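In: I would like the atomic coordinates for the input below:
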Amino acid sequence: MTTAQVIVLAGPSGSGKSRLAERLGLPVLRLDDFYKDVGDPTLPLITDGANAGLVDWDHPDSWLCDDALAAIEHLCLHGQGDVPVYDIPTSTRTGRQNLDLHGEAYFVAEGIFAQEVVPRAREAGLLADALCVTQRPAVTFWRRLTRDLREHRKPPLVLVRRGFALMRAQRGVVAHAVSLGCRPMTPVKAAAEIAQMTGHSIR
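Out: Next up, the predicted model:
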């Protein structure tokens, strides 16, 4: 029997998932912390374009879906659990930390591959809702680029090239999330719906 259910926030990188998750006042599981470490031989590579030969961190094969699902299930069943801590600039896992739901009936799981957990989480009875946060591609591009440059996530030229590629791919990213069971909406609408469901005030 579960003690909590998960609200999944999917959406393109830079769409505002993390900011929204912080404003909800609920415990947050950062699904980007389940990336594989750099040097893992199973990491996918970009096959064409200016960044050909570099790791394709926007491909779901760069991410540990089974580990993320196991963490979600453990949190739903036990209300707390150890989760990884990942450093994106160095592309390495740096440790683990305890995530405690403190008795909350809901928690948020957000990340660029969040949609991948939706079908199995729903089948297991763990899912409260699944939303795909989306904004206009130009807005998402600028938010993503300024964030990634500020956090020194990757070299600037790589970030700019990646940004344009992701802007072109945004419609497909949203369509994929919808195909896996997410409902697309703006951050404002998503915040209102989650607040109504959980009874939490938006910060």
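
In: Could you identify the helix or strand that succeeds the worst-scoring helix or strand of the chain on mean pLDDT?
Out: Every helix and strand of the chain was ranked by mean pLDDT, DSSP states H and E. The lowest is helix 137-150, at a mean of 71. Next helix or strand after helix 137-150 toward the C-terminus (DSSP states H and E): helix 156-179.

In: Enumerate residues external to that next one that contact any of its residues.
Out: Residues outside helix 156-179 that contact it (CB atoms under 8 Å, 6 or more residues apart in numbering) are 10-14, 49-51, 54, 58, 115, 132, 134, 137-138, 140-141, 144-145, 148-149, 153-154, 184. Heads up, the C-betas are built off the backbone N, CA and C, glycines and all.

In: got the buried residues for the helix or strand following it?
Out: Scanning forward in sequence from helix 156-179 by DSSP H and E, the next helix or strand is strand 183-185. Buried residues in strand 183-185, counted by 16 or more other CB atoms under 10 Å: P184, M185.

In: same for strand 183-185, what does it pack against?
Out: strand 127-133, helix 156-179 (3 or more CB pairs under 8 Å, 6 or more residues apart in numbering; DSSP states H and E).

In: Show me which of the contacts of helix 156-179 are buried.
Out: When neighbours are counted using 16+ other CB under 10 Å, the contacts of helix 156-179 contain these buried positions: 10-14, 51, 58, 115, 132, 134, 137, 140-141, 144-145, 148, 153-154, 184.

In: where do the strands sit along the protein?
Out: 5-10, 28-30, 80-87, 92-100, 106-110, 127-133, 183-185 (DSSP state E).

In: will you turn the ones you listed into a markdown table that also has mean pLDDT?
Out: Converted to a markdown table, the strands of the chain look like this (pLDDT from 0 to 100):
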| stretch | mean pLDDT |
| --- | --- |
| strand 5-10 | 97 |
| strand 28-30 | 97 |
| strand 80-87 | 96 |
| strand 92-100 | 97 |
| strand 106-110 | 97 |
| strand 127-133 | 96 |
| strand 183-185 | 94 |
